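>>> Pasting a predicted model and its sequence here:
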Amino acid sequence: MARVLVGVKRVIDYAVKVRVKPDKTGVVTQGVKHSMNPFDEIAVEEAVKLKEKKLAEEVIAVSVGPAQSQEVIRTALAMGADRGVHVEIPAAEYELLQPIHVSKILAKLALDEKADLVILGKQAIDDDANQTAQMTAAVLDWPQGTFCNKIEKTDAGLTITREIDGGLETIKTKTPAVLSADLRLNTPRYATLPNIMKAKKKPLKKVTAKDLGVDTSPRIEVISVEDPPVRQAGATVADVDALVAKLKEGGHI
Amino acid sequence: MWRHTIQSTRYLAGNASLCRQIATHSPKLGAESNRSKEKASENESFMANIFRGSLVSSQVFPYPDVLTAEQKELTNSLIDPFERFFSDVNDAARNDANAKIDDATSTALWELGAFGIQVPSDFGGLGLNNTQYGRLCAIVGVNDLGLGITIGAHQSIGFKGILLYGTPEQKEKYLPKVAAEQVYAAFALTEPSSGSDAGSIRCRAVKSADGKHYVLNGSKIWISNGGIAEIMTVFAQTEQVDPKTGEKKDKVTAFIVERSFGGVTNGPPEKKMGIKASNTAEVYFEDVKIPIENVLGKEGDGFKVAMNILNNGRFGMGATLSGTMKKCIEQATEHANNRVQFGQKLKNYGSIQEKLAQMNILQYATESMAFTISQNMDAGSKDYHLEAAISKIYASESAWYVCDEAIQILGGMGYMVDTGLERVLRDLRIFRIFEGTNDILRLFIALTGIQYAGSHLKELQRAFKNPSANLGLIFKEASRRAASTVGLGGTDLSGHVVSELLPYAKKTAHCIDLFGQSVEELLLRYNKNIVDEQILLTRLANAAIDIYAMVVTQSRSSRAVTLNLPTAQHELNMTKALTIQASDRVIKNLQAATSSHHRSLNEKISTIAKTTLENGGVTTTGILDQN
């Protein structure tokens, strides 16, 4: 296989405590630390490993989003991707961008770039949609291997171990294909500082959704974003009998 | 090695007092240049100028902001991977227990790029400036001070001389190795008989008859990375001939010495209180043949080279320790938020609150100082030596206090090894000793400032001898003095701070006025002999340190308000609290430096010390031992 396309999304850092905006239109993003979606780091690592094993010739990192999305492309380049494509979406429009839009964009890029493999994180930790890989495969009409735990190259294509409820499943697929990375696929490397410096010199192409012929007009309207309900205080009961009585009272048993 | 020191010089006779030596070697402000030029040098340093009651605000107001948007973005992109090294690869407790950094960790650290942060990218480094370096230092400070000394001794002093003074050939030959090729560097100045008094070193290098090389003999102690370094910056006495008089004199010369020259050996790793991960060893030189092209800087200029390397690297300690304090405060806060005693969480108790607030204030001021100085340096300032010395003292003493109080808040838990704070406390202790002990640096601050003020005083005296030619200078001075004597205060900071801070800026301005007056009073009373009044000089330095802390925090919190940062109110509160505390101390310290009441105290202090020394310690007989 020659070329791997990897999707990288810029999300609020996993360690940040997310706060809802006072006007309930979304969450606070200004002045909040952002980083690459952790599952996307795993996808990049896998692509770079394929390249290191000479199973891939080129790794292209793609991010769809506002100007700051370039930060995560640079991170992917520092981790070992060869070049980047930034599909710029204006910040206001980006808030309503859905997996369906991203799938169409990725599918178009996969064809334009003649990719043999698309590897995405299984989901982003901000909206937790878990749809983009599946939809991208559908748009392309390519086979898909989701929740990858292990990816092995065979003469016929790929052997993929998938994480499923209750265990692991092994499937075989031909390429081109779309894969999504699960948590245990690998441990992503961190970019070293010299590689971050070198990444500044790697090519990064900027395109718009319009250039790719993808309509990103919103299909949804956000009515209100709410904090999760605060947990009610519990109570201490004297003994098991009292507990059973309480549970019965509440209709739980 | 990160110990050492500062000013002292061999220019004066051996029995001259320590302070006289320090005074003679104050950088750039020194008497030599004044004598020759007959005019006081201009100096951008805020601190130097308040010694003559004058306000030069460009280095502190508004808070410096030297990084371009691109540099900021780059710096931010480095933070995550740098932190990832510490969370994924490094283990500070293991490094401490093993008293070394294992090979896998040090290899990862080299790959990370941590050894050549400020080396230009053409030579294989990251090419970052002081401010960006400082930001990375803070991360090191959060995680592992012992490892920090290994990388700091390497680049902050080990090969810094090559960056600052190296010829193009020296840079090309050595920088790629020390930046990325796993070749360690060290800085070798201290000797068994020469610690703070760095001018008294005995290592000697003798030039060969053909003038093509030097032969070095002698030994150095407590050299950080001394057991692992391949490349060392070594200082040794060399015989120099004065081109004018033909007189032969010993002067220090700096050399780049490779272990591969032969004759370089080292002792076993020293056993230390803290920073155990860092290798510290004696280094011996026996007939080491150094090619003449390995002289660093000019022959005979070694003392200046050493002092400038140390001055240049000093700000990094403030940045590092600001991170260390942050970590201590985080641990103490977590404990206070969760620990219940007497039916209440610790956070509800005033005594705990006071500790946490104080810790936070000290961290804020330390960080504000470090990044004021690093940015001044990046903006091209050469006048940062006083501020760098202040920041080193402030950071090392604040960090000690903060870590100690964090342990106190955690109680018994804080004393346990697994909590990690006892290691930090041990690691921290050296920061008050090395790279110029805080005691020597205090004298350096006071004397450097006084010398600058004195030179201006002399200029004024000269002006009065020929008043018609110097009317402008005289009128300026006269109006400044008139303002301060009638109590209006000559100093006005009101244009530099946000309105919430006006009353606080006024307190600081008052302190600055008092400070200038006190310096003048001391100069008039003691004249040149002020150099022998160490107790007074130390108090003056303490006042200077507090003034700098007030000014940088007022500047930084004004910035926070102007930028509408979410933390602006908190920053204002810390600044206000600090100003109240610091201005009180300044007034007390200046009184202690000038009042007759305190002169009598100082006399008693001297007598008590003398008695103790003569008796080899405590001389009183124990209560139960009397007969």
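Nice, thanks for sending it over.

>>> State the phi and psi torsions of B:Ala541.
Per-residue torsions, B:Ala541: phi -60, psi -40 (degrees, to the nearest 10).

>>> Tell me, how many residues neighbour residue 193?
This is for chain A. As a burial measure, A:Leu193 scores 25 neighbours (other CB atoms under 10 Å in any protein chain shown). (Glycine included, C-beta is placed from N, CA and C.)

>>> You answered for a different chain; I wanted chain B.
By other CB under 10 Å, neighbour count at B:Ser193 equals 10.

>>> nearest residue to the residue in the stretch 501-627 of chain B positioned nearest to chain A other than its sequence neighbours?
Closest contact between the stretch 501-627 of chain B and chain A, by CB to the nearest CB, is at B:Pro566 (6.7 Å). Using CB to CB, 6 or more residues apart in numbering or on different chains and skipping the chain neighbours, the partner closest in space to B:Pro566 is A:Gly31 (6.7 Å).

>>> State the three-state secondary structure for the one you found.
coil (DSSP: H, G, I helix; E, B strand; the rest coil).

>>> burial count for it?
A:Gly31, neighbours per other CB under 10 Å, totals 8.

>>> what does B:Gly302 give?
For B:Gly302, using other CB under 10 Å, the count is 30.

>>> Kindly state the beta-bridge partners for the residue lying closest to it once chain neighbours are set aside.
Spatial nearest neighbour of B:Gly302, excluding adjacent residues (CB to CB, 6+ apart): B:Val252 at 3.5 Å. For B:Val252, the beta-bridge partners under DSSP bridges are B:Gln237.

>>> Tell me if I'm right that B:Val252 and B:Glu299 touch.
No: applying CB atoms under 8 Å, one finds B:Val252 not in contact with B:Glu299, separated by 9.8 Å.

>>> Residue ranges of each domain in chain B, please.
Each domain of chain B is listed here as a residue range: B:69-310, B:314-434, B:439-611, per automatic domain parsing.

>>> Mean pLDDT added to those, as a markdown table?
Shown next, in a markdown table, are the domains of chain B (pLDDT from 0 to 100):
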| stretch | mean pLDDT |
| --- | --- |
| domain B:69-310 | 96 |
| domain B:314-434 | 97 |
| domain B:439-611 | 88 |
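
>>> Backbone dihedrals for A:Ile171, please?
phi -130, psi 160.

>>> Low-confidence stretches in chain A?
A:1 (pLDDT under 70).

>>> how about B:Val56, secondary structure?
Taking three-state DSSP, the label given to B:Val56 is coil.

>>> And the one 5 residues further on, by the same measure?
Remark: B:Phe61 carries the secondary structure label coil [criterion: three-state DSSP].

>>> wait, it sits on B:His496?
Yes: counting by CB under 8 Å, B:His496 is a contact partner of B:Phe61 at 3.8 Å.

>>> Could you tell me which residues touch both of those two?
Counting by CB atoms under 8 Å, 6 or more residues apart in numbering or on different chains, the common neighbours of B:Phe61 and B:His496 are B:Ser555.

>>> can you list the residues of chain A near chain B?
A:31, A:35, A:71, A:74-75, A:78, A:190-194, A:196-197, A:200 (CB under 8 Å from any CB of the partner chain).

>>> show me where chain A has helices.
Applying DSSP state H to chain A gives helices spanning A:38-52, A:70-79, A:91-94, A:99-112, A:132-140, A:193-199, A:240-249.
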